[in-house]
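1. Here is a sequence together with a model predicted from it:
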2 protein chains.
Amino acid sequence: MTDEKAGPRSRRERPAKAALTRSGIVATAVELMRAEGLARVTMRRLAQELDTGAASLYVYVRNTAELHAAVLDELLGAVDLTPVKETGDWQARLTQVLQSYTAMLLDYPGLAQSALLARPSGKNYLRLIESLLALLSEGGVPKGQAGWGIDLLLQFATATAVEHAGSESAGEWQAAVDAVRTVSAETHPRLAEQGDDLFAGPGDARLEWGIRVLINGISSTPREGTSL
Amino acid sequence: MTDEKAGPRSRRERPAKAALTRSGIVATAVELMRAEGLARVTMRRLAQELDTGAASLYVYVRNTAELHAAVLDELLGAVDLTPVKETGDWQARLTQVLQSYTAMLLDYPGLAQSALLARPSGKNYLRLIESLLALLSEGGVPKGQAGWGIDLLLQFATATAVEHAGSESAGEWQAAVDAVRTVSAETHPRLAEQGDDLFAGPGDARLEWGIRVLINGISSTPREGTSL
DNA sequence: ACCTGAACACCGTTCAAGT
DNA sequence: ACCTGAACACCGTTCAAGT
């Protein structure tokens, strides 16, 4: 585009085939995921996008799992942390951050799975952890409980996204509902009684209730006396 | 082996190649998983074990996901539900059941992933749900909270197993620990302060604390007023 | 109805060889 | 040092054809 000043002889228009770099690879992977979903972000497909062979990527990325982890951290940059610096009920602000985190994962089915497997350690992940710790600290939650508690909160949000992601499940979900509905009141009295309510409710109400359950539990459950 | 009485002409010794049935397929899949791990339970590998072609399996099983779900329900039969009928602290008994569930999943890395995706609906899954509902009911937990609560409890146990399963992570986990340890106290004061404790503690102490957090939260968090 | 071979459209990862 | 083609060892799923 800025070609006029380019210099003598103009060096070959083409796709330019920018030199490979780790960050270039990751950026292309993010693009590809936005366009076609994480399932398509394979070493081979990505290499094709970068106009090279799959083998070349292994210079910059250990394997597919590491690639997906890098993509995840990139996306984590989009989580809205502004509630952290605001004033007002800390529980409500914590809930907002977690909802933003969950919404991001729900936009990219499949990525949530990586998040559960990956023990991420990128810079955006660290920012998120720091923010959650700050909020729990503001709420007066003892440090030990806060430290283990953020793991619970993130795990819950992530697992919720994984479940929804797996939902090509119009069918599979119906099967589960039907199975519960068909159950005999003799053998499964409580299941028969509660039935539908087990699955009822919009996802966001369940997410919000779950977050409240965790905040309450984390705040009120000491870590000592861990021996049942 | 009981060949003497077998009948006239003895019908071809060989592997016998028992006719395909859904339950035979699932049983073989379970065997194969125990021997080689879930990753090896593929349509092609399983077909090979059954001395047929992969295409033949599609008469009995919709796809790989359904196959894995069937294997999961089979394994769910091994969860120890005896604490349900005993007497004594309901919370302790609930914890025992969940620990048994988690231990089973930890034995078979990869299966936990299916559990999170699968919305299972097999008979052993229904028994488990019924048992958990019974215990929460015994504890006087309101029905609405109990119904949504079991989802939280199972999701937590399952997600914990998924995380540990992903742990070929001697390396990946170290990377995460190091990342937190290297963090600047300027930009991430709480992370720098808490540091190691985030990752500390044996898995079972964390599991047990998590279960307690959830039980406490579920018991004390009403479902109405779900609007933050 | 059930079973099959063959095909289609893919994978991750390694490695010897080149530049 | 970086990059590549080719190879190895696999996948899930469909479908026409057979029994």
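-> Received the coordinates, thanks. Residues are numbered from 1 along each chain as shown, chains lettered A, B, ... in the order given.

2. is DNA strand D contacted by stretch A:58-66?
-> Yes - Stretch A:58-66 comes into contact with DNA strand D (C-beta under 7 Å from any atom of the strand), by way of A:58-60. No exception for glycine: its C-beta is placed from N, CA and C like everyone else's.

3. helix or strand for A:Pro109, which one?
-> A:Pro109 belongs to no helix or strand when assigned by DSSP states H and E.

4. Show me which residues of chain A are close to DNA strand C?
-> A:40, A:42-45, A:54-55, A:58, A:63-65.

5. which residues of chain A score low on pLDDT?
-> A:1-17, A:166-172, A:225-228 (pLDDT under 70).

6. Domain map for it?
-> A:22-61, A:77-220 (automatic domain parsing).

7. re earlier: by neighbours, which of the residues of chain A next to DNA strand C wins?
-> A:Met43 (18 neighbours; other C-beta atoms under 10 Å in any protein chain shown).

8. May I have the residues that are in contact with that residue?
-> A:54, A:57-58, A:64, A:67 (C-beta atoms under 8 Å, 6 or more residues apart in numbering or on different chains).

9. Now tabulate these in CSV and tack on secondary structure.
-> Supplementary listing: the contacts of A:Met43 in CSV, determined by DSSP: H, G, I helix; E, B strand; the rest coil:
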residue, secondary structure
A:Ala54, helix
A:Leu57, helix
A:Tyr58, coil
A:Thr64, helix
A:Leu67, helix
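
10. ok, so of the residues you listed, who is nearest A:Gln194?
-> Ranked by distance to A:Gln194 (C-beta to C-beta), the contacts of A:Met43 are led by A:Thr64 at 41.5 Å.

11. where does chain A come near DNA strand D, residue by residue?
-> Near DNA strand D, when you scan chain A using C-beta under 7 Å from any atom of the strand, you find A:19-20, A:52-56, A:58-60.

12. Grab the two from these that are most spread out in space.
-> A:Ala19 and A:Ala54 (17.3 Å).

13. Next SSE downstream of the lengthiest helix in chain A?
-> Criterion DSSP state H: the longest helix present in chain A is helix A:143-165. Next in sequence after helix A:143-165, counting helices and strands by DSSP H and E, comes helix A:170-181.

14. Put the alpha carbons of that following helix into PDB.
-> Extracted in PDB, the C-alpha atoms of helix A:170-181 (Å, rounded to 0.1, in the frame of the first residue of the first chain):
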ATOM      1  CA  ALA A 170     -30.400 -29.900  20.600                       C
ATOM      2  CA  GLY A 171     -30.600 -33.600  20.300                       C
ATOM      3  CA  GLU A 172     -28.300 -34.700  23.200                       C
ATOM      4  CA  TRP A 173     -29.900 -32.300  25.600                       C
ATOM      5  CA  GLN A 174     -33.400 -33.500  24.700                       C
ATOM      6  CA  ALA A 175     -32.300 -37.000  25.300                       C
ATOM      7  CA  ALA A 176     -31.200 -36.100  28.800                       C
ATOM      8  CA  VAL A 177     -34.400 -34.300  29.600                       C
ATOM      9  CA  ASP A 178     -36.400 -37.200  28.300                       C
ATOM     10  CA  ALA A 179     -34.400 -39.700  30.200                       C
ATOM     11  CA  VAL A 180     -35.200 -37.800  33.400                       C
ATOM     12  CA  ARG A 181     -38.800 -37.400  32.500                       C
END
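
15. buried sites along that helix?
-> Using 16 or more other C-beta atoms under 10 Å in any protein chain shown as the test for burial, helix A:170-181 gives A:172-173, A:176-177, A:179-180.

16. Throw these into JSON lines and include distance to chain B, thanks.
-> Below are these laid out as JSON lines (distance: C-beta to the nearest C-beta, whole Å):
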{"residue": "A:Glu172", "distance to chain B": "5"}
{"residue": "A:Trp173", "distance to chain B": "6"}
{"residue": "A:Ala176", "distance to chain B": "4"}
{"residue": "A:Val177", "distance to chain B": "8"}
{"residue": "A:Ala179", "distance to chain B": "4"}
{"residue": "A:Val180", "distance to chain B": "7"}
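
17. Out of these, which is nearest to DNA strand D?
-> Nearest to DNA strand D, judged by C-beta to the nearest atom of the strand, of the buried residues of helix A:170-181 is A:Glu172 at 12.9 Å.

18. What's the local residue count around the residue nearest to A:Thr21 when sequence neighbours are not counted?
-> Leaving aside its chain neighbours, A:Thr21 sits nearest to A:Tyr60 (7.1 Å; criterion: C-beta to C-beta, 6 or more residues apart in numbering or on different chains). For A:Tyr60, the neighbour count with other C-beta under 10 Å is 16.

19. what ranges do the helices span in chain A?
-> A:22-36, A:43-49, A:54-57, A:64-76, A:82-85, A:90-107, A:111-117, A:123-138, A:143-165, A:170-181, A:189-194, A:203-220.

20. looking at the ones you listed, which is buried most?
-> Mean neighbour count, computed with mean count of other C-beta atoms under 10 Å in any protein chain shown, is highest for helix A:111-117 among the helices of chain A, reaching a mean of 24.

21. how about that helix as PDB, C-alpha atoms only?
-> What follows is helix A:111-117, C-alpha atoms only, in PDB (Å, rounded to 0.1, in the frame of the first residue of the first chain):
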ATOM      1  CA  LEU A 111     -11.500 -22.600  23.300                       C
ATOM      2  CA  ALA A 112     -13.100 -23.200  26.700                       C
ATOM      3  CA  GLN A 113     -11.800 -26.800  26.500                       C
ATOM      4  CA  SER A 114      -8.300 -25.500  26.100                       C
ATOM      5  CA  ALA A 115      -8.800 -23.200  29.100                       C
ATOM      6  CA  LEU A 116      -9.600 -26.200  31.300                       C
ATOM      7  CA  LEU A 117      -6.700 -28.300  30.100                       C
END
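
22. Find the closest residue to chain B in chain A.
-> Residue of chain A nearest chain B, by C-beta to the nearest C-beta: A:Gly217 (3.0 Å).

23. and that residue, how far is that from B:Ser220?
-> The gap separating A:Gly217 from B:Ser220 is 8 Å, by C-beta to C-beta, to the nearest Å.

24. can you check A:Ala65 too?
-> 39 Å.

25. Equivalent analysis for A:Ala159, please.
-> For A:Ala159, the distance to B:Ser220 - C-beta to C-beta - is 22 Å.

26. A:Thr28 too?
-> Distance from A:Thr28 to B:Ser220, by C-beta to C-beta: 48 Å.

27. what do you get for A:Gly210?
-> 14 Å.

28. same check, this time on A:Leu133
-> 23 Å.
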